[in-house]
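Undergrad: Please work out how this folds:
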Amino acid sequence: MKRIGIVGGGQLARMLALAGRRLGVACEVLDPAEQPCAASVARHLRGDFDDLQALDRLVADCSVATFDFENVAVAPLAHLAQRMPVRPPPKALAVAQDRLEEKRFIAELGIPVAPFRSVDTLHDLRAAVDELGGPCLIKTRRFGYDGKGQWKLRDSSDCESVWAALAGTPAIAEAWVPYQRELSLIVVRDAQADHRLYPLTENHHVDGILAHSLAPATADAALAAEAKRLAFALVDALDYVGVLAIELFEVDGHLMVNEIAPRVHNSGHWSIEGAHCSQFENHLRAVTDLPLGDAEARGCSLMLNVIGQWPDRQALLACPGVNIHDYEKAPRPGRKIGHLTVCADHPNELGERAQRLFVAAGKSALWPALRERIAAISVQR
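TA: Here you go, the predicted structure:
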């Protein structure tokens with residue numbers, strides 16, 4: 001049996017381990033927590049991510065390594081890469097975890113990104129606002145996720161307060177993009193440069209956290225072709241192996257890259273039930289040199305994050321087409337503790353099932369933007 005080492009033991013590692021069981025692939029997670037949520041489905045090696053002795057134990061146990069989040073330091077993974085294959089390559093992680101380097105890398109490939117400026121001083125911040133105009137977004141270069149480490153700056157009068165909040169942290173200023181939709185794209189590439197592409201997914205965020213995703217997103221042939229070109233260009237330039245997630249804006253019928261994530265991604269969770277081969281299984285296939293699976297959608301799917309607390313389980317289970325994924329994480333405001341996927345063969349049926357699920361949840365605050373979306377699901381295609 002093949003054994004994969006995963007640096008990180010969160011819900012993404014958990015879902016990778018569950019997918020591995022289908023393939024006869026075992027997973028071992030390295031995580032400093034006493035009981036990370038992946039520990040109930042994978043062997044847990046407790047240790048810090050930069051603990052070289054723990055990393056060497058991973059080498060002894062496994063034949064290949066991957067990671068489930070992008071805020072792990074590159075140096076320990078480079079240490080690991082001297083002893084075993086690390087996929088995706090540490091180079092991709094280095095690009096993705098620094099927003100400035102990420103933007104520069106993507107722009108050099110000729111792929112559209114929002115205009116941006118580096119911010120290291122208050123003077124830089126004021127100059128960026130003058131050049132980019134307001135409003136604009138100020139983001140820390142590293143360690144931001146789910147809306148953390150970001151500020152919307154209306155005009156130059158906000159510079160002092162935002163600079164104080166940054167407290168000297170290196171940042172990037174981005175022009176505000178008047179986008180029509182937030183989309184994402186999951187692409188997988190193996191070591192032989194074979195590719196699979198999941199359909200475009202439409203995403204809706206609340207307070208910087210993904211609330212729900214709809215797949216496949218409506219897209220004409222030109223938009224789908226544009227998505228394919230930029231996805232393949234990115235993974236080929238990175239000599240990538242595994243799943244890469246690309247967060248996009250649709251602007252006047254074209255695509256602009258917002259960020260990339262060198263891992264399986266929240267907006268691809270629908271693929272567990274909604275695609276022939278999930279993003280998790282395809283990631284494992286890619287990193288272990290198994291043939292890639294079919295990334296086509298089976299029908300249409302709506303994925304909803306469960307944030308903070310669970311609704312009534314019995315009511316949810318009574319809804320047709322609903323699949324529950326519990327991460328075994330303690331409830332906490334703003335914390336992703338699971339997700340639901342609603343699947344159907346046709347958009348009309350998906351809309352009906354989503355409406356029933358919304359009623360069953362009993363808490364309109366759970367998915368604040370969903371009520372308005374449900375009616376659109378059946379008519380947008």
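
Undergrad: contacts, neighbours, all on C-alpha from now
TA: OK.

Undergrad: For the protein, which helix or strand comes out least confident on mean pLDDT?
TA: Least confident helix or strand, the chain: helix 370-377 with a mean of 60, by mean pLDDT, DSSP states H and E.

Undergrad: Let's see the pLDDT reported for the most centrally placed residue in the chain.
TA: Computing the C-alpha centroid of the chain and ranking residues by C-alpha atoms, centre = their mean puts residue 265 first, at 2.9 Å. Residue 265 is assigned a pLDDT of 97 by the prediction.

Undergrad: again, but for the one 4 residues further on
TA: Note on residue 269: pLDDT of 98.

Undergrad: Please name the nearest non-neighbouring residue to residue 169.
TA: Excluding the flanking residues, the one nearest residue 169 by C-alpha to C-alpha, 6 or more residues apart in numbering is residue 140, at 6.6 Å.

Undergrad: so what's that neighbour up against?
TA: Counting by C-alpha atoms under 8 Å, 6 or more residues apart in numbering, residue 140 touches 99, 149, 150, 166, 169, 170, 171, 172.

Undergrad: again, but for residue 55
TA: 30, 49, 76, 80.

Undergrad: filter those to the buried ones?
TA: Neighbour-count burial (16 or more other C-alpha atoms under 10 Å) is assigned, among these, to 30, 49, 80.

Undergrad: and the residue nearest to residue 169, how far is that from residue 98?
TA: Distance of residue 140 to residue 98, given as C-alpha to C-alpha, to the nearest Å: 9 Å.

Undergrad: What of residue 168?
TA: Taking C-alpha to C-alpha as the measure, residue 168 falls 16 Å from residue 98.

Undergrad: now do residue 289
TA: According to C-alpha to C-alpha, residue 289 stands 29 Å off from residue 98.

Undergrad: More neighbours: these two, which one.
TA: Using other C-alpha atoms under 10 Å as the criterion, residue 289 and residue 98 rank with residue 98 on top: 20 against 14.

Undergrad: Quick check: pLDDT value at the more buried one.
TA: Looking at residue 98, its pLDDT stands at 94.

Undergrad: ditto for residue 58
TA: 93.

Undergrad: Report the contact partners of it.
TA: 5, 28, 30, 45.

Undergrad: What residues are bridge-paired with the first one?
TA: For residue 5, the beta-bridge partners under DSSP bridges are residue 28, residue 65.

Undergrad: Can you get me a residue count around it?
TA: As a measure of burial, residue 5 has 28 neighbours, counting by other C-alpha under 10 Å.

Undergrad: That one and residue 60 touch, don't they?
TA: No - the criterion here is C-alpha atoms under 8 Å, and residue 5 misses it with residue 60 at 10.0 Å.

Undergrad: ok, back up a step: okay, and which of the buried ones among the contacts of residue 55 map to strands?
TA: Secondary structure assignment by DSSP state E places residue 30 of the buried ones among the contacts of residue 55 in strands.

Undergrad: Generate CSV for the buried ones among the contacts of residue 55, with pLDDT and distance to residue 111 as supplementary columns.
TA: What follows is the buried ones among the contacts of residue 55, written out as CSV (pLDDT from 0 to 100; distance: C-alpha to C-alpha, whole Å):
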residue, pLDDT, distance to residue 111
30, 97, 35
49, 93, 33
80, 93, 32
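
Undergrad: and which of the buried ones among the contacts of residue 55 is nearest to residue 21?
TA: Nearest to residue 21 among the buried ones among the contacts of residue 55, counting by C-alpha to C-alpha, is residue 30 at 18.3 Å.

Undergrad: Contact partners for the closest one?
TA: 5-9, 44-49, 54-55, 58.

Undergrad: make it 6 Å
TA: Applying C-alpha atoms under 6 Å, 6 or more residues apart in numbering to residue 30 gives the contacts 7, 8, 45, 46.

Undergrad: ok, now residue 88?
TA: With contacts defined as C-alpha under 6 Å, 6+ apart, residue 88 is in contact with 240, 241, 242.

Undergrad: what does residue 344 give?
TA: With contact set as C-alpha under 6 Å, 6+ apart, residue 344 has these partners: 300, 350.

Undergrad: Please repeat the previous calculation with a cut-off of 10 Å.
TA: Shown in contact with residue 344 (C-alpha atoms under 10 Å, 6 or more residues apart in numbering): 274, 298-302, 320-322, 350-354.

Undergrad: so it bridges to which residues?
TA: The partner residues for residue 344, given DSSP bridges, come to residue 300.

Undergrad: Would you mind measuring from it to residue 214?
TA: Note on residue 344: its distance to residue 214, by C-alpha to C-alpha, is 12 Å.

Undergrad: With residue 205 instead?
TA: Distance from residue 205 to residue 214, by C-alpha to C-alpha: 12 Å.

Undergrad: again, but for residue 254
TA: Note on residue 254: its distance to residue 214, by C-alpha to C-alpha, is 19 Å.

Undergrad: Name whatever forms a beta bridge with residue 181.
TA: Assessed by DSSP bridges, residue 181 has beta-bridge partners residue 250.

Undergrad: residues touching it, list them.
TA: Residue 181 sits next to 202, 203, 204, 248, 249, 250, 251, 252, 253, 255 when contact means C-alpha under 10 Å, 6+ apart.

Undergrad: which residues do residue 140 and residue 98 both contact?
TA: Common contacts of residue 140 and residue 98, defined by C-alpha under 10 Å, 6+ apart, comprise 170, 171, 172.
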